[in-house]
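1. compute the structure for the input listed below.
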Amino acid sequence: MENAATEKVHCLIIGSGPAGYTAAIYAARANMHPVLYQGIQPGGQLTITTEVENYPGYADGVQGPEMMVHFEKQAMRMGTDVRYGIATAVDFTGPVHKVQIDEEKWIEADAVIISTGASAKWLGLESEQRLNGYGVSACAVCDGFFFRGKEVAIVGAGDTACEEALYLSKLATNVHMIVRKDEHGMRASKVMQDRVKATPNIKVYWNSETLEVVGETKTEGVRIKNNKTGEEQTIPVSAFFVAIGHEPNSGIFKPWIDMDEAGYIKTIPGTSKTNIEGVFAAGDVQDKIYRQAVTAAGSGCMAALDAERYLSAKGVV
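-> Here you go, the predicted structure:
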């Protein structure tokens with residue numbers, strides 16, 4: 001690994017959503033000379049979001065991609081070295097942390113902040129991807145507000161799907177919940193199932209799968225099939241929420257970093273510290289509960305402050 005293609009940096013940030021950029025802003029201001037690699041989706045999940053109305057400071061709301069441009073510009077103005085590139089391997093065996101970029105170049109970093117985020121799982125329908133941002137969403141808490149007083153549908157069978165259905169029930173006239181299995185096959189806890197069943201404006205479609213999101217330029221309905229009877233029907237809705245889970249982008253860290261069974265990075269409670277000294281995690285890669293831009297940004301701040309203390313104690317900065 002010690003070759004001409006190795007570069008040494010004080011603070012390496014992997015990922016460029018709200019967590020990564022906020023960490024970069026704080027790290028740059030603390031003279032840590034951060035280098036940030038944007039990863040496979042520069043700007044993170046917010047770049048596939050349209051209107052963002054729940055981030056403080058934007059009185060009139062903001063488009064997700066535009067907000068990420070603001071984050072990036074601020075990080076660069078503070079002195080962050082923002083680069084295109086994907087972390088493809090890591091070696092955390094020694095005191096100096098090594099990260100490979102684009103399968104060719106190795107970076108040696110005194111501190112590493114992992115902010116690689118999580119990706120929503122999708123059903124894999126062409127119509128779902130085509131209408132993503134036009135009534136199709138993987139975050140009811142983010143986008144449910146735009147469909148107040150409308151009919152909406154949600155697909156999923158876990159606690160998150162139930163929570164989001166209940167959240168939507170307070171905004172929408174009716175929530176059509178599509179569940180692939182019968183009542184006995186639902187993954188959600190009993191208490192969450194009972195809450196859903198007790199909510200009058202949530203209708204559950206058991207043994208049902210989604211065939212298509214209907215609409216040319218915006219979501220107008222969802223076509224489903226009952227797998228027991230074979231019957232198909234189209235439900236008129238203005239929004240279709242996918243709540244079948246998220247996949248943390250943590251695969252390359254698995255041999256070194258402690259994770260839960262779903263692959264979310266474990267941090268020491270109240271900190272951004274991982275089990276490897278000098279390696280910190282922020283944002284959705286370590287948060288499966290809140291998953292909001294503002295909480296990701298907050299944890300990015302924590303990671304930079306933790307990294308600064310770590311590097312100061314080592315006499316690096």
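
2. give me the buried positions along stretch 283-302.
-> 283-288, 291-293, 295-302 (16 or more other CB atoms under 10 Å). To be clear about C-beta, it is placed using only N, CA and C from the backbone, and glycine gets the same treatment.

3. in helices, which of those appear?
-> Counting by DSSP state H, the members of the buried residues of stretch 283-302 that fall within helices are 293, 295-302.

4. what's the lowest-pLDDT member of those?
-> Within the set of these, pLDDT is lowest for A293 (92).

5. I'd say that residue and G43 touch.
-> No: using CB atoms under 8 Å, A293 is not in contact with G43; the gap is 10.9 Å.

6. need the overlap of contacts for these two.
-> Shared contacts of A293 and G43 (CB atoms under 8 Å, 6 or more residues apart in numbering): G17.

7. between the ones in helices among the buried residues of stretch 283-302, which is closest to P200?
-> T295 (31.5 Å; CB to CB).

8. contact partners for that closest one?
-> D287.

9. hang on, W106 packs against V99?
-> Yes: look at W106 against V99 with CB under 8 Å: they come within range, at 7.1 Å.

10. between the two, point out the one with more neighbours.
-> When neighbours are counted by other CB atoms under 10 Å, W106 and V99 differ, and V99 comes out ahead with 25 against 18.

11. who does that one form a beta bridge with?
-> Following DSSP bridges, V99 is listed with bridge partners V90, I107.

12. and the pLDDT for it?
-> pLDDT, read off for V99, is 97.

13. with V317 instead?
-> 79.

14. report the secondary structure state of the residue lying closest to it once chain neighbours are set aside.
-> With sequence-adjacent residues excluded and distances taken as CB to CB, 6 or more residues apart in numbering, V317 is closest to L311, at 4.5 Å. Using DSSP: H, G, I helix; E, B strand; the rest coil, the structure places L311 in helix.

15. was I right to think L311 contacts D110?
-> Yes: at 5.8 Å, L311 counts as touching D110 under the criterion of CB under 8 Å.
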